[in-house]
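Trainee: Give me the fold of what follows.
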Amino acid sequence: MWQTRIIELGFEHTFLLHGILALSAVHKASFLLPGDRQDLLQQADIHISQALNTMRRHLEVPSDETAIPMFVLSSVLLTYNFGSVQEMPEDPIRSLHHCFMLLNGIKVVIGSHWDKLKDDPILAQMTEMSSEATLQTLDELAKDDKRPEILRLMDLTELVLDTLDKTACIEAIQELHDISRRVRHVSSDRDEYPFLFMWAARITNRFLELLATHNPVACIVTVHFAALLAQAGPVWWVVKWPRYLLFATRTLLAVTPDLLGWLDWPQSVISGAPWTASTTPRAS
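Mentor: Sure thing, here's the model as predicted:
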């Protein structure tokens, strides 16, 4: 799909092609030493700026003609923003929050065009994992599964005093538990990442606000999400992020060491996961 159909779509819509070239440059840079990346990263920045300039104009006047390339570009931008962070950022939690906000922005791009997108043969593989039929099938397969390492986070919400905040955290944990159960039954020849990132697309605005302010409970829950990412097949654009987030959250909790025990499970998972990905993402 990405090697042929999406590229053909890019030649029809130049703004999408700029996004693909930006992502390609960042991908190539990820295999180089830090001192050798600058030229590629500058090229990536030029291409992504051109893509964004056109995207903003299309957002102001949306149309059926641009709905599909706009959706694809939104996905490219999300991957680009994860992949362009090739060294640990100063504030990994804030950087992740930015990526999550981009993911939620995809909902705006989709808008009223969802029926057109989900029925398009180019995008069928991208949208399949979020279809009701797929989720129902996975729920049936996972109906007897429990993930106690996720469910135990419910006790953590007792540390959240505000009712609205507690509700936001509980809902995020429940959604994370559902995804953690389902992902065990995703076929090995499928890409787990679009499915896993459904969590970030479904958390509430209030939870995102808690993450933005580095609320300890929200950060601990998010590190558990990072552990699920670490359990998936390693891909270049996300493979370092679980360690970034674990480090940032451990640093955050240094002032409340009694909370560090909540990181035991994600730390064991993330510490045993690959640090690099030597291959490209699987086709999906």
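
Trainee: what helix or strand is Lys107 on?
Mentor: Using DSSP states H and E, Lys107 maps to helix 92-110.

Trainee: List the buried residues of that helix.
Mentor: Across helix 92-110, burial judged by 16 or more other CB atoms under 10 Å covers Pro92, Ile93, Ser95, Leu96, His97, Cys99, Phe100, Leu102, Leu103, Ile106, Val109, Ile110. Quick note: C-beta positions are derived from backbone N, CA and C, even for glycine.

Trainee: Who are the contact partners of the first one?
Mentor: Shown in contact with Pro92 (CB atoms under 8 Å, 6 or more residues apart in numbering): Trp241, Tyr244, Leu245, Phe247, Ala248.

Trainee: Can I get those in TSV including secondary structure?
Mentor: Formatted as TSV, these follow (DSSP: H, G, I helix; E, B strand; the rest coil):
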residue	secondary structure
Trp241	helix
Tyr244	helix
Leu245	helix
Phe247	helix
Ala248	helix
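
Trainee: Most neighbours among those, please name it.
Mentor: Highest neighbour count within those: Leu245, with 25 neighbours (other CB atoms under 10 Å).

Trainee: Enumerate every residue touching the nearest residue to Leu156 once chain neighbours are set aside.
Mentor: Distance criterion CB to CB, 6 or more residues apart in numbering; nearest residue to Leu156, sequence neighbours excluded, is Val217 at 5.6 Å. Residues in contact with Val217 (CB under 8 Å, 6+ apart) are Leu156, Thr157, Leu159, Val160, Asp165, Cys169, Leu210.

Trainee: what pLDDT does the fifth one get?
Mentor: By that I understand Asp165. Looking at Asp165, its pLDDT reads 95.

Trainee: Surely it and Thr204 touch.
Mentor: No. Using CB atoms under 8 Å, Asp165 is not in contact with Thr204; the gap is 10.4 Å.

Trainee: Between the two, which is the more surrounded one?
Mentor: Asp165 (18 against 15).

Trainee: And that one, how close does it get to Pro216?
Mentor: Asp165 is 11 Å from Pro216, where distance means CB to CB, to the nearest Å.

Trainee: Check Asp115 too.
Mentor: Separation of Asp115 from Pro216 (CB to CB) stands at 41 Å.

Trainee: So which of these two has more stuff around it?
Mentor: Between Asp115 and Pro216, counted using other CB under 10 Å, the more crowded position is Pro216 (18 against 8).

Trainee: returning to what we had before: now do the helix holding Lys107: distance to the chain's middle.
Mentor: Distance of helix 92-110 from the chain centroid (CA atoms, centre = their mean, to the nearest Å) equals 8 Å.

Trainee: for stretch 30-43, same thing?
Mentor: Worked out by CA atoms, centre = their mean, stretch 30-43 lies 23 Å from the chain centre.

Trainee: In contact with Ala273, which residues are there?
Mentor: By CB under 8 Å, 6+ apart, the residues touching Ala273 are Ala230, Gln231, Pro234, Val239, Pro242.

Trainee: and the residue nearest to the fourth one when sequence neighbours are not counted, what is it in contact with?
Mentor: Beyond its immediate neighbours in the sequence, the residue positioned closest to Val239 (CB to CB, 6+ apart) is Ala277, lying 4.5 Å away. For Ala277, the contacting residues are Pro234, Val235, Trp236, Val239, by CB under 8 Å, 6+ apart.

Trainee: ranges for the helices of the stretch 101-250 of the chain?
Mentor: In the stretch 101-250 of the chain, the segments counted as helices under DSSP state H, counting those that start in this stretch are 114-118, 124-127, 132-141, 148-151, 153-156, 163-183, 193-196, 198-202, 205-212, 216-231, 241-252.

Trainee: out of the ones you listed, nearest to Phe31?
Mentor: Closest approach to Phe31 among the helices of the stretch 101-250 of the chain is made by helix 241-252 (17.3 Å; CB to CB).
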